[in-house]
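*Asks:* fold the following and give me the result.
(one chain, ligands or ions: 1)
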Amino acid sequence: MTKVLVATEKPFAKAAVDGIKDICSKAGYEVALLEKYTDVNDFYKAVADADALIVRSDKVTKEVIDHAKNLKIVVRAGAGFDNLDLAACTARKIVAMNTPGQNSNAVAELALGLMIYMARTNFTPVAGTELLGKRLGIQAFGHVGRLVGEKAKAMGMKVMAFDPFVPADAMKAAGVEVAKDLDDLYSNCDYVSLHIPANDQTKNSINYALLSKMPKGGCLLNTARKEVINEADMEKMLSEREDFKYVTDIAPANDADLKKFAPRYFATPKKMGAQTKEANFNAGLAAANQIVDFLKNGVTKFQVNK
Ligand code: 3PG
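*Replies:* Alright, predicted model coming up:
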């Protein structure tokens with residue numbers, strides 16, 4: 001019987017697991033669940049006889065692939081696929097996919113929540129500021145970036161975006177001002193919200209030179225990936241500029257050192273942008289449907305290792 005392994009160190013909501021099981025059983029597949037694992041050997045064991053794999057941010061390394069002798073497809077239930085070793089998948093002719101857009105609203109809502117948390121001094125009685133009339137810069141205008149823009153405009157913010165991969169007309173049509181370049185975005189925005197993937201071009205790219213362009217009271221918002229931040233530069237910014245703020249959903253390696261900058265620095269205890277019942281349901285079910293579509297009909301629409 002075809003076996004689908006759901007390996008999630010950070011488990012899906014029950015409704016999502018039930019939905020995945022339902023789709024797979026209708027297709028005649030069995031589902032195995034590996035949740036909250038702390039030992040990678042448990043992942044190696046569980047994947048040994050799996051034909052298909054669903055993960056979240058779980059690292060699908062070459063070692064995982066080496067243990068997965070029957071694997072034909074791996075689906076990252078979510079947007080960013082930097083946790084998949086694509087070369088190892090391709091070498092074994094394993095199709096790798098993501099589920100773009102399925103968890104975007106959850107991440108966008110958290111970005112707005114974090115912005116309010118920072119504006120309101122970490123929900124302490126100290127007088128904060130309002131978002132109305134403030135300028136928000138969106139770095140990368142994909143599924144999440146667009147939603148953050150829409151929601152911020154509804155709160156009366158002025159929204160600017162930069163994305164070299166999205167035509168300026170599309171950004172204008174979405175009602176946002178188009179930044180000429182990153183300098184333009186960072187120097188003209190009170191808040192900058194990151195929605196870039198982690199790849200060779202973006203890793204460490206948010207550095208001192210860029211951050212120091214932000215105006216007085218500027219706040220950087222990260223619901224993307226920790227790898228895009230130059231952590232030493234971030235620490236330098238927070239210690240040199242007593243007005244500068246950084247809020248992140250992905251705690252950096254130097255989180256303990258940065259905590260002394262609170263309330264100007266805040267990291268969620270565990271990455272939770274996509275951790276809603278709805279996002280789990282949408283991304284999990286999309287992953288299951290993509291697996292069935294691929295195994296039964298050869299559909300490779302969301303393949304990322306072409
Ligand atoms: C994504 O890339 O989809 C988000 O970062 C969500 O990641 P998660 O599934 O680990 O919460």
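*Asks:* going by C-alpha atoms from here, please, whenever you check contacts or count neighbours.
*Replies:* Will do.
*Asks:* what's the neighbour count on the nearest residue to residue 239 once chain neighbours are set aside?
*Replies:* Leaving aside its sequence neighbours, residue 239 sits nearest to residue 261 (C-alpha to C-alpha, 6 or more residues apart in numbering; 7.7 Å). Neighbour count of residue 261, defined by other C-alpha atoms under 10 Å: 16.
*Asks:* ok, residue 243 next?
*Replies:* Look at residue 243: counted by other C-alpha under 10 Å, it has 14 neighbours.
*Asks:* equivalent analysis for residue 298, please.
*Replies:* A total of 11 residues lie near residue 298 under the criterion other C-alpha under 10 Å.
*Asks:* with residue 240 instead?
*Replies:* Residue 240: 11 surrounding residues under other C-alpha under 10 Å.
*Asks:* enumerate the residues of this protein near the ligand.
*Replies:* Proximity of the chain to the ligand is confined to 56, 57, 78, 79, 80, 272, 274, 275 under the rule C-alpha under 6 Å from any ligand atom.
*Asks:* three-state assignment of the third one?
*Replies:* What it means is residue 78. Of the three states, residue 78 takes coil under DSSP: H, G, I helix; E, B strand; the rest coil.
*Asks:* ok, and the closest non-adjacent residue to residue 70?
*Replies:* Excluding the flanking residues, the one nearest residue 70 by C-alpha to C-alpha, 6+ apart is residue 51, at 5.1 Å.
*Asks:* residue contacts, residue 103?
*Replies:* Residue 103 makes contact with 78, 79, 274, 278, 279, 280, 282, 283, according to C-alpha atoms under 8 Å, 6 or more residues apart in numbering.
*Asks:* quick check: bridge partners of residue 267?
*Replies:* Per DSSP bridges, the residues bridged to residue 267 are residue 248.
*Asks:* pretty sure it contacts residue 254?
*Replies:* No - between residue 267 and residue 254 there is no contact under C-alpha atoms under 8 Å: 11.0 Å.
*Asks:* more neighbours, these two?
*Replies:* Neighbours around residue 267 and residue 254, counted as other C-alpha under 10 Å, are more numerous at residue 267. The numbers are 19 against 12.
*Asks:* stretch 243-256 - what's its average pLDDT?
*Replies:* Averaged across stretch 243-256, the pLDDT comes to 98.
*Asks:* extract the CA atoms of the helix or strand hosting residue 235 and return them as PDB.
*Replies:* Per DSSP states H and E, residue 235 falls inside helix 231-240. Extracted C-alpha coordinates of helix 231-240, given in PDB (Å, rounded to 0.1, in the frame of the first residue of the first chain):
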ATOM      1  CA  GLU A 231      23.000  39.000  13.000                       C
ATOM      2  CA  ALA A 232      26.100  40.900  14.100                       C
ATOM      3  CA  ASP A 233      24.900  43.900  12.200                       C
ATOM      4  CA  MET A 234      21.500  43.700  13.800                       C
ATOM      5  CA  GLU A 235      23.100  43.700  17.300                       C
ATOM      6  CA  LYS A 236      25.300  46.700  16.300                       C
ATOM      7  CA  MET A 237      22.200  48.600  15.100                       C
ATOM      8  CA  LEU A 238      20.200  47.900  18.300                       C
ATOM      9  CA  SER A 239      23.100  49.000  20.500                       C
ATOM     10  CA  GLU A 240      24.100  52.100  18.500                       C
END
